[in-house]
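A.B. asks: coords please:
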Amino acid sequence: MEKLWWNNREIMNLPSVTIKQLLESGVHLGHKTFRWNPKMRNYIFGSKDSIHIIDLTQTLEMTKSALQEVHKCISSGGKILFVSTKKQASEAISKIAKDTSQYYVNHRWLGGMLTNWKTITNSIKRYKKLSEDLKKEVTGFTKKEVLKMGVQRDKLERSLGGIAEMKKVPEMIFIIDTNNESLAVKEAIKLNIPIVAIVDTNSDPTGIDFPIPGNDDARRAINLYCDLMKQTILDAQKNISKQDIKTIEENVKKEEIKSKSEEKVKETKKEESKKKVEVSKKVDKKEKKTTSIFSKIKKIASKKAK
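C.D. replies: Presented below is the predicted three-dimensional model:
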């Protein structure tokens, strides 16, 4: 473990990593030279057998700086969302998130998962309700309905299970394979959420706050990244005092109350607008009736005059 001071009071016990470890895990192996992204030129050491070799001296330094930012985020009470929907990383992503009480997306990134958070919360509520209904011994539903509900629950669980307890957008995102998770990158950039990401030789590092040049396909490399992240988060969580936890919980409650009050205000506004529309419709009907009555009276008067 590497000890570092932060804020003149807390010590960062960052996990130690060496170039030897990176080499053994295959972090240096990039993609075929014809598949490269020119924006990754500065992070490439050279090529061998038509495969780009990543400069591990840069990877080592950038990994350390990224881990420092992760430590700061967790120490200040922030939460991290782990994102990777590729087969090699999906299991590792869910495991580290569960072990460190963070959030994850490892099946499919739904459009608007961050930028349209209110809609996603409704889907999460639906998922939780289905789970509760299916857990009850006497559900009051037919077998066909239960099977249908089970299918819906499983579908929602794959997409939203990892963020079911997420009350708001995360303070940081960790991504493996930015090409595969381009939607997540775009949404995080739009909301100014810091991104820590593994960028391979075919990736675009533009917009990534803390890029880590490295192999994003090999399981050993992915396991190494996740292990380093896990050790960093667990150490950072030790620095959160009981008082800090209380303040964090209070802030979360305040945000929940605020969001609920905003929803109520919106609902009342909608109801008021509906009432106004109904009143205007009634007024229009009355006016139409009066005009029709007047027209009838005029017709009768004209007939009598004749």
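A.B. asks: Quick check, residue 124 in contact with residue 160.
C.D. replies: Yes - Residue 124 is in contact with residue 160 according to C-beta atoms under 8 Å; the separation is 5.5 Å. C-beta: built from backbone N, CA, C; applies to glycine.
A.B. asks: doesn't residue 178 make contact with residue 208?
C.D. replies: Yes - applying C-beta under 8 Å, one finds residue 208 in contact with residue 178, separated by 6.7 Å.
A.B. asks: hey, what's in contact with both of residue 124 and residue 160?
C.D. replies: Here residue 124 and residue 160 have no joint contacts, going by C-beta atoms under 8 Å, 6 or more residues apart in numbering.
A.B. asks: any weak-confidence spans in the stretch 51-200 of the chain?
C.D. replies: 137-140 (pLDDT under 70).
A.B. asks: The stretch 201-306 of the chain too?
C.D. replies: Using pLDDT under 70 as the threshold, the predicted model of the stretch 201-306 of the chain has low-confidence ranges 241-267, 275-294, 296-306.
A.B. asks: okay but residue 128 is in contact with residue 165, surely?
C.D. replies: No - no contact is recorded between residue 128 and residue 165 when judged using C-beta under 8 Å, the distance being 9.7 Å.
A.B. asks: Which one's more surrounded, those two?
C.D. replies: Applying other C-beta atoms under 10 Å to residue 128 and residue 165 shows that residue 128 carries more neighbours, namely 15 against 11.
A.B. asks: after whichever strand or helix holds that one comes which helix or strand?
C.D. replies: When secondary structure is defined by DSSP states H and E, residue 128 falls within helix 117-135. Once the chain leaves helix 117-135, the next helix or strand it forms, by DSSP H and E, is helix 143-160.
A.B. asks: If you count contacts, what does that next one end up packed against?
C.D. replies: Under the contact definition 3 or more C-beta pairs under 8 Å, 6 or more residues apart in numbering; DSSP states H and E, helix 143-160 sits against helix 117-135.
A.B. asks: Just the angle for the helix it packs on relative to helix 143-160, thanks.
C.D. replies: Helix 117-135 and helix 143-160 meet at an angle of 140 degrees, taking axes from the mean of the first three to the mean of the last three C-alpha atoms, to 10 degrees as the criterion.
A.B. asks: what's helix 117-135 in contact with?
C.D. replies: Contact with helix 117-135 is made by 110, 112-113, 139, 141, 146, 149-150, 152-153, 156-157, 160-161, 163-164, 166, 168-169, as judged by C-beta under 8 Å, 6+ apart.
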